[in-house]
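>>> Generate a structure from the sequence data that follows.
(one chain, ligands or ions: 1)
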Amino acid sequence: MKIVLKNLSKIFPSRNKKSNGVVVAVDSLDIEIPDGKLVGLLGPSGCGKSTTLYMISGLQKPTMGQVFFGEHDVTMLEPEHRGVGLVFQNYALYPHLTVKQNIMFPLQNLKGEEKLDKEEMLRRAQEAADLVQIGDLMDRKPSELSGGQQQRVAIARALVKAPRVLLLDEPLSNLDARLRLQTREEIRRIQRETGVTTVFVTHDQEEAMSISDIIVVMKNGVKQQVGEPQKVYDDPANLFVAQFLGTPPINVFDGELSGGWLYIGNERVMDVSPDEPDRPVVVGIRPEGFIPSGNGCFSGDLKNIEVMGRDCSVVFTNEKSQKPSVRAIIDSDAGASLIGMSKVSFDLKRNKVFLFESETGDRIRF
Ligand code: ATP
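Down below sits the predicted model:
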C-alpha cells in the first residue's frame, strides 16, 4: 500500500501555560512512501517523527493536509478503519493475558463479515507468532518474557490482522544493545517476508540506515531529505543532514572560497569551480575522507591514534575545526606509521568533502 502525505501539518497549543504560543510539530510535509518499502523516519528528539506516525495511523488528526493510502484519502478515517498495525516503544502488552491471548486480542473485536471463529483466530495467532519466532512461547505471560520477546509479541499482535501498513514507534529503544541489533534484523526480515509497507520511527541514525529502504530526515517538523540511506549519506542536502548521518560524525571546519580554491586556514586544500564567488563557507569532511600523505594539503597536530582492529582513528587538532578534535579513519597499517609523530598531513578524497553556505547550511556543489 503506497502512503502519500500531502502538505501535512500538525500544530499544538503550547504546553507552556505562561506562553500563548503554539508548537508546529509537523510543518507542510510532502512524502510519498512506495508500496512494500520499509521507510525510516529519522531526526532528533522533538522533530515531529512520532506526530507524523500518529497522523498516518489516525491517532492524531492533522491541522492541515491529507494522508492517502493508495488513491484513498484516509485523513478523516478513524484508526480502526485504516488497516494499520502499530507497535510502540513500551510494547503495551496486556500483563494478565498470555502471549496467545495478547496476539489474538485484535481479532476478537472483529465484527460482522470480518468476525472469525475461535479456530481461525488460533490459527492466525500461531501463524503471526511463528513469523516472529515466538511460536513456542504462546502460554507464557509477558512478565515471563525478555524485552526482545515482548517486542516480538507486540509485532505479532500488530501483524495478526494482516495490516495494510505497519507503523513502528521507536520499537527498539527499550532493548539492550545486543537485542537491539538482533531485533532490527528481525524487523527487516519480517517486513521482507510480509511485504507490508512499514514506517519505522527512530532517532538513531545507524538503526535507520541499516534497515531502511528509504530514510526521511526531519528537523523541527520540516523534511530535510528523503532517499536511500547510502545516497543520502553520500550526497547530503545540507549541513544538518551531513552532521546527523555517520559514525563517527563528519568533521566540520570554517573555510574560505577564494579565486577558485577552497582554503582551510592557510592551507589550499581543493580547487572549486572558478564561478564560485569568494566567501566564507563551512566545510564537512567525512572521517574516511583523509589519506595520510607526507606532504598532504591538509594538516594538524596529532593527539592520539586509537586502534580498532582493521581500522584506526587518527585524532588530531586543526585551528579551523568547529570541534576540539578532528577524527580520521584510516587503515591500521597506515595508522601505525604515524605513531610518534607530532604533525600529521593528509590528502583529501574529493567525494568525501562537502561545502555548505555559512549562513543557511545549504549545500554548495562545486
Ligand atoms: P521524540 O523522539 O522525543 O519522541 P519526536 O521527533 O517523535 O520526538 P514529536 O513527539 O512528534 O517528536 O513532537 C514534536 C513536537 O511537538 C515537540 O516539540 C513536542 O513537544 C510537541 N508535541 C507533541 N505532542 C504534543 C501535544 N500533545 N501537545 C503539545 N505539544 C506536543
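>>> Now do residue 90 against residue 142, distance only.
Distance, residue 90 to residue 142, using Cβ to Cβ, to the nearest Å: 11 Å. C-beta here means a position set from N, CA and C on the backbone, and glycine is covered the same way.
>>> can you map out the strands along the stretch 251-366 of the chain?
251-258, 261-264, 267-271, 279-285, 290-292, 298-308, 311-317, 326-331, 343-348, 353-357, 363-364 (DSSP state E, counting those that start in this stretch).
>>> mind checking which of those strands is nearest residue 105?
Residue 105 lies closest to strand 298-308 among these, at 46.4 Å (Cβ to Cβ).
>>> Determine the angle, from 0 to 180 degrees, between that closest one and strand 267-271.
Per axes from the mean of the first three to the mean of the last three Cα atoms, to 10 degrees, the angle that strand 298-308 makes with strand 267-271 is 90 degrees.
>>> List the strands paired with strand 298-308, with their directions.
Sheet partners assigned to strand 298-308 using DSSP bridges are listed as strand 311-317 (antiparallel), strand 343-348 (antiparallel).
>>> picking that back up, more neighbours: which of residue 90 and residue 142?
residue 142 (18 against 13; other Cβ atoms under 10 Å).
>>> returning to what we had before: same list (the strands of the stretch 251-366 of the chain) but as TSV, adding mean neighbour count.
What follows is the strands of the stretch 251-366 of the chain, written out as TSV (neighbours: other Cβ atoms under 10 Å):
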stretch	mean neighbour count
strand 251-258	20
strand 261-264	20
strand 267-271	17
strand 279-285	21
strand 290-292	20
strand 298-308	16
strand 311-317	19
strand 326-331	20
strand 343-348	19
strand 353-357	21
strand 363-364	18
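>>> Take these and write them to a markdown table, including distance to residue 121 and mean pLDDT.
Shown next, in a markdown table, are those (distance: least, Cβ to Cβ, whole Å; pLDDT from 0 to 100):
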| stretch | distance to residue 121 | mean pLDDT |
| --- | --- | --- |
| strand 251-258 | 56 | 98 |
| strand 261-264 | 65 | 98 |
| strand 267-271 | 64 | 96 |
| strand 279-285 | 54 | 98 |
| strand 290-292 | 59 | 96 |
| strand 298-308 | 51 | 93 |
| strand 311-317 | 52 | 96 |
| strand 326-331 | 53 | 96 |
| strand 343-348 | 61 | 96 |
| strand 353-357 | 54 | 98 |
| strand 363-364 | 53 | 98 |
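>>> Next one: the residue of the stretch 51-200 of the chain found nearest the ligand relative to residue 216, how far apart?
At 3.3 Å from the ligand, residue 51 is the closest residue in the stretch 51-200 of the chain, using Cβ to the nearest ligand atom. Counting by Cβ to Cβ, the gap from residue 51 to residue 216 is 13 Å.
>>> Report how many residues lie close to the residue of the stretch 51-200 of the chain closest to the ligand.
Residue 51 has 23 neighbours, counted by other Cβ under 10 Å.
>>> Next to the ligand, which bits of the stretch 51-200 of the chain? Give me the list.
residue 51 (Cβ under 6 Å from any ligand atom).
>>> which residue ranges form the strands in the stretch 51-200 of the chain?
Under DSSP E, counting those that start in this stretch, the stretch 51-200 of the chain gives strands at 64-69, 72-73, 84-87, 165-169, 197-202.
>>> Make TSV out of the strands of the stretch 251-366 of the chain and add distance to the ligand.
Listed next are the strands of the stretch 251-366 of the chain as TSV, based on distance: least, Cβ to the nearest ligand atom, whole Å:
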stretch	distance to the ligand
strand 251-258	23
strand 261-264	34
strand 267-271	36
strand 279-285	24
strand 290-292	33
strand 298-308	29
strand 311-317	29
strand 326-331	26
strand 343-348	34
strand 353-357	23
strand 363-364	23
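>>> and the longest helix that the chain contains, what does it pack onto?
Ranked by residue count under DSSP state H, the longest helix found in the chain is helix 177-194. Helix 177-194 sits against strand 38-42, helix 118-131, helix 147-159, strand 165-169, strand 197-202, helix 205-211, with contacts defined as 3 or more Cβ pairs under 8 Å, 6 or more residues apart in numbering; DSSP states H and E.
>>> again, only using 7 Å
In this structure, helix 177-194 makes packing contacts with helix 147-159, helix 205-211, judged by 3 or more Cβ pairs under 7 Å, 6 or more residues apart in numbering; DSSP states H and E.
>>> Check whether the following helix or strand past the shortest one comes near the ligand.
The C-terminal neighbour of helix 205-211 among helices and strands, as given by DSSP states H and E, is strand 214-219. No: Strand 214-219 lies out of reach of the ligand by Cβ under 6 Å from any ligand atom, never closer than 7.0 Å.
>>> Other residues contacting strand 214-219?
31, 37, 39-43, 47-49, 208-209, 223-229, 232, 240-241, 244 (Cβ atoms under 7 Å, 6 or more residues apart in numbering).
>>> How about stretch 261-279?
Contacts for stretch 261-279 (Cβ under 7 Å, 6+ apart): 253, 255-260, 283, 297-299, 319-320, 348, 350, 353, 355, 366.
>>> what's the answer for stretch 329-348, then?
Contacts of stretch 329-348 (Cβ under 7 Å, 6+ apart): 269-270, 285, 287-302, 305, 307, 310-314, 316, 328.
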